[in-house]
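Colleague: Provide a 3D model corresponding to the input given below.
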Amino acid sequence: MTRLSLKSLMCVFILPGVLPALCLAGILPTGQMEYEFIYDRLERVDVLSLDNYDYQLGPYQLQNGDFSFAPFESLGDYPPGRIGLFSFLGEDFLASRENRARGFESFRGGIVGQPLNKLFVYASFLLDEEKAKDDDYTGKKWRGLAGYVQDAFVYYQSGRLELTVGRFGSFWGPRNSLVLSGSQRMDGFGYTFHWGKLTLSYRLARLDGLNPDTDSVAQYENRYFAGHRADFRMNEHLRFGLFETVVFGGPGRQIDLFYLNPLIFFHGSQLNEGTNDNTVVGVDFSVKPSRGYKFYGQFLVDDIQVDSDTQGDEEPAEVAFLLGGYVADLVKRLDVKVEYSRVTNWTFNQVLPRNRYTFDNKPIGQVLGNDYDLVALSVIRWMGENTAAALQFSHCRQGEGRVDAEGTEPWTLVDGDYSEPFPTGTPQKTTRASVGVKSFLGGLAFVDVEAGVDLVKNRHHIEGDNRTLPFINIRFSSFVLTSLRLE
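Modeller: Numbers count the residues shown, from 1 in each chain. Sure, this is the predicted structure:
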């Protein structure tokens, strides 16, 4: 029996029924393609509204009556005596010139419910063929499938306080947040406290450690992430937030108490304690002049030299920023979105590998690494709330720097001023044009189709290696839900 037919039987016999909605009086998880389309829709709601909702803090609460989470909106109807069981069966097909056409299968299943008043539980596991073929994946494999628990958390909300504990993803600032990506699910906890026009948030997580068997370390090194932020809503048109994060760890090191304190300045604490950790500070904002228009941005500093006393002070500025604009209903149901992001070389890197701003060999933020800039334009046509078509154009310049590059500190190897171009080395330049459609099909399935062409110059940083690469990517999933009585 093939894997596909086995998973199909699991959907038919183990989890019968039709999924009328998924995710409920709790929070809508991030990082899953079906849910991310809901977030696309809510991004448009944000632009068209002048309300007080904290759109800059994901995941979103499902009990907000002003939003439509269809077809994932009524799972929260289960009383404490019942739980929901769900499954997603997916296929991902990718074909492009010079690459063999590939098809990947996945199966996701889980439970959801409210065992107590104000307490929401969500857990899902994933069997994924594409993940198993990812060179960065280090977990176990079974019959060509990577298997792991994707989300597993409890969420508690009471009055002004929201608390999430377990494995979950979140984002701070714009959807494509440079500092914290919703696609990175980490084990730990986070909370948000709403206090009038002020919102305070905190996140703590355990990262993957460095192992002597696979990494260049003498003994196992623990790694952790902590972050806090304050958002100020000046009025219905203007919001800005201040944030600070830190990646820290070491052999036998546990979580420091001062990183648990949301009111302490992390960078000052690590200087006073004499620890070598990697702190990041930054600001983000959103401006809505009127309904239908939103301008936003995010700026962060990993390291910047103020003094010029020693050769070490010649270290280039390690910064990143994102600027964007979204116009909704430019013509009825036609939106335009544009973003420009830039990350300098050495940003998110550090001399000590344990302090790199990564988790499972990928950046913690929604970035392409470092040493690049990217401009992206989308023209989106909405055909009802469940279908959207888009024309997309982007241009990316990617230098030879990497977040995991060895911290050689080349500025200390010269005398006098040090500078490096941006991007560094021989940059690969990729221009993409594509057309795509995303749609829910009758509350039973989801499809995401994109076709286009990549014009690549200096491919893999080889001068003069230019390619024209047409591609098509088709992602499809079907989903089902049933309930189980516990009492």
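Colleague: average pLDDT for stretch 315-330?
Modeller: Predicted confidence along stretch 315-330 averages 95 (mean pLDDT).
Colleague: Number the chain from 31, please
Modeller: New numbering, starting at 31: the last item is stretch 345-360.
Colleague: list the buried ones in that stretch?
Modeller: Glu345, Pro346, Glu348, Val349, Ala350, Phe351, Leu352, Leu353, Gly354, Gly355, Tyr356, Ala358 (16 or more other C-beta atoms under 10 Å). Every C-beta, even on glycine, is put in place using the N, C-alpha and C of the backbone.
Colleague: go on, stretch 309-321?
Modeller: Neighbour-count burial for stretch 309-321, counted by 16+ other C-beta under 10 Å, picks out Thr309, Val310, Val311, Gly312, Val313, Asp314, Phe315, Ser316, Lys318.
Colleague: and which of the buried residues of stretch 345-360 is nearest Arg71?
Modeller: Nearest to Arg71, judged by C-beta to C-beta, of the buried residues of stretch 345-360 is Ala358 at 11.2 Å.
Colleague: Can you name the residues in contact with the one helix or strand that closest one maps to?
Modeller: In this structure, Ala358 sits in strand 348-361 according to DSSP states H and E. Contact with strand 348-361 is made by 73-74, 77-78, 204, 206, 208, 322-334, 365-379, 395, 397, 400, as judged by C-beta atoms under 8 Å, 6 or more residues apart in numbering.
Colleague: what does stretch 146-160 give?
Modeller: Taking C-beta under 8 Å, 6+ apart as the rule, stretch 146-160 contacts 33, 37, 53-57, 59, 106, 110, 116, 122, 134-145, 172, 174-188.
Colleague: What mean pLDDT does that stretch get?
Modeller: In this model, stretch 146-160 has an average pLDDT of 90.
Colleague: and what of stretch 316-328?
Modeller: On average, stretch 316-328 scores 98.
Colleague: returning to that earlier point: ok, then the element right after the strand holding Ala358?
Modeller: Following strand 348-361 toward the C-terminus (DSSP H and E): strand 364-373.
Colleague: Name every strand pairing with the following helix or strand past that next one and say which way it goes.
Modeller: Going down the chain from strand 364-373, the next helix or strand is strand 388-389, by DSSP H and E. When pairs are called by DSSP bridges, strand 388-389 turns out to pair with strand 392-393 (antiparallel).
Colleague: next structured bit after the partner strand?
Modeller: Strand 392-393 is succeeded, C-terminally, by strand 402-412 (DSSP H and E).
Colleague: ok, residues contacting that next one?
Modeller: In contact with strand 402-412 (C-beta under 8 Å, 6+ apart) are residues 74, 363-373, 398, 418-429, 452-453.
Colleague: what mean pLDDT does that strand have?
Modeller: The average of the pLDDT scores along strand 402-412 is 98.
Colleague: picking that back up, quickly run through the sheet partners of the strand holding Ala358, with directions.
Modeller: Looking at strand 348-361 with DSSP bridges, its partner strands are strand 323-333 (antiparallel), strand 364-373 (antiparallel).
Colleague: wait, Val311 sits on Val276?
Modeller: No: when contacts are counted by C-beta atoms under 8 Å, Val311 is not listed as touching Val276 (9.7 Å).
Colleague: joint contacts of the two?
Modeller: His297.
Colleague: show me what contacts Asp365?
Modeller: Arg74, Val77, Tyr356, Val357, Ala358, Asp359, Ser408, Val409, Ile410, Arg411, Trp412.
Colleague: what residue ranges in the stretch 31-180 of the chain are flagged as low confidence?
Modeller: In the predicted model of the stretch 31-180 of the chain, residues 31-55, 104-107, 166, 168-169 satisfy pLDDT under 70.
Colleague: residue boundaries of the helices in it?
Modeller: For the stretch 31-180 of the chain, the helices defined by DSSP state H, counting those that start in this stretch cover 33-39, 63-78, 159-162.
Colleague: what's the nearest residue to Glu347 if we skip its chain neighbours?
Modeller: That one is not Glu; residue 347 is Ala. Nearest residue to Ala347 in three dimensions, chain neighbours excluded: Ile334, at 4.7 Å (C-beta to C-beta, 6 or more residues apart in numbering).
Colleague: How many residues are close by the one you found?
Modeller: Close neighbours of Ile334, defined as other C-beta atoms under 10 Å, add up to 11.
Colleague: Likewise for Pro242?
Modeller: 11.
Colleague: sec struct for it, please.
Modeller: coil (DSSP: H, G, I helix; E, B strand; the rest coil).
Colleague: Report pLDDT for it.
Modeller: 92.
Colleague: Please pick the buried ones from the contacts of strand 402-412.
Modeller: 74, 365, 367, 369-373, 418, 420, 422, 424-429, 452-453.
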